[in-house]
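Asks: Have a look; sequence and predicted model below, questions after that.
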Amino acid sequence: EWNSGLLADLRKTKQWISQNRNSRNIRLEGSRRLSSILAFGAIFSSVSGFKIDVNHRGEYWSTNKHLSATVSNYELTTRAVEGSNEGLIVTIGIGRDISGSVSAILNELDLDSLRRLYIHGQTRILSAEQANMVVHDIKKYITDSMLGGQKGTIHLFYAGPSPLALFLGHRINAIGPIQCYEWITGAEYAPTWYLEG
């Protein structure tokens, strides 16, 4: 349903905008699930020429707000776990580390043999510029993890602010096929959308 419903509808909307509007600027309002906002960013991607302004607590964060001299660094910690090159588990936790809860359910999802990349940031993301910097670093960590002959699907687990999820989706193109997962309750995660690389 995520693929045939949400992704299909987003692609139709993208096609309509491309055919009927000169502007590719989108202002995004309302509440959303993390998988939905990741998908939105991935379909209305940077390489497609779209710019998205997302309402975050009454302030608009724009996907085209890039680094400036005043942006403070954001520290991400990473940890890699060896495994099969037939896929890559990526967990991204901003504000809380989700590596333990994801690792606990990988056997149930039949993913426990795959390589893993755990990414964690402890503090809040303060601005759109900082969010773009963090996305750049996350994408580099994933790309670097794939240099050793990575094949197969990237299994993405994300917990953090929705604007960062949007920005990540907006720039996640060209790193391979991605299967996204959504936290449900307790220690449960369910697969949501799948995007070809």
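Replies: On my side now, so go ahead.
Asks: Just list what the helix ranked longest in the chain packs against, helices and strands only.
Replies: In the chain, with assignment by DSSP state H, the single longest helix is helix 128-145. With contacts defined as 3 or more C-beta pairs under 8 Å, 6 or more residues apart in numbering; DSSP states H and E, helix 128-145 has these neighbours: strand 59-62, strand 84-94, strand 114-121, helix 162-170. Every residue, glycine included, has its C-beta placed from N, CA and C.
Asks: list the helices and strands the helix or strand just after it packs on?
Replies: Next along the chain after helix 128-145, taking DSSP states H and E as the criterion, comes strand 153-159. Helices and strands touching strand 153-159, by 3+ C-beta pairs under 8 Å, 6+ apart, are helix 34-43, strand 84-94, strand 178-185.
Asks: Out of these, the one nearest residue 121 is which?
Replies: Closest of the helices and strands packed on strand 153-159 to residue 121 is strand 84-94, at 4.6 Å (criterion: C-beta to C-beta).
Asks: The closest one: partners in the sheet, and parallel or antiparallel?
Replies: Looking at strand 84-94 with DSSP bridges, its partner strands are strand 114-121 (parallel), strand 153-159 (parallel).
Asks: Just the C-alpha atoms of that strand, please, in CSV.
Replies: C-alpha atoms of strand 84-94 as CSV (Å, rounded to 0.1, in the frame of the first residue of the first chain):
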residue,chain,number,x,y,z
SER,A,84,27.1,-9.8,4.5
ASN,A,85,27.5,-7.3,1.6
GLU,A,86,24.1,-8.3,0.2
GLY,A,87,22.5,-5.3,1.9
LEU,A,88,23.1,-2.6,4.5
ILE,A,89,21.2,-1.8,7.6
VAL,A,90,21.3,2.0,8.3
THR,A,91,19.9,3.4,11.5
ILE,A,92,19.8,7.2,12.0
GLY,A,93,18.8,8.4,15.5
ILE,A,94,18.8,12.2,16.3
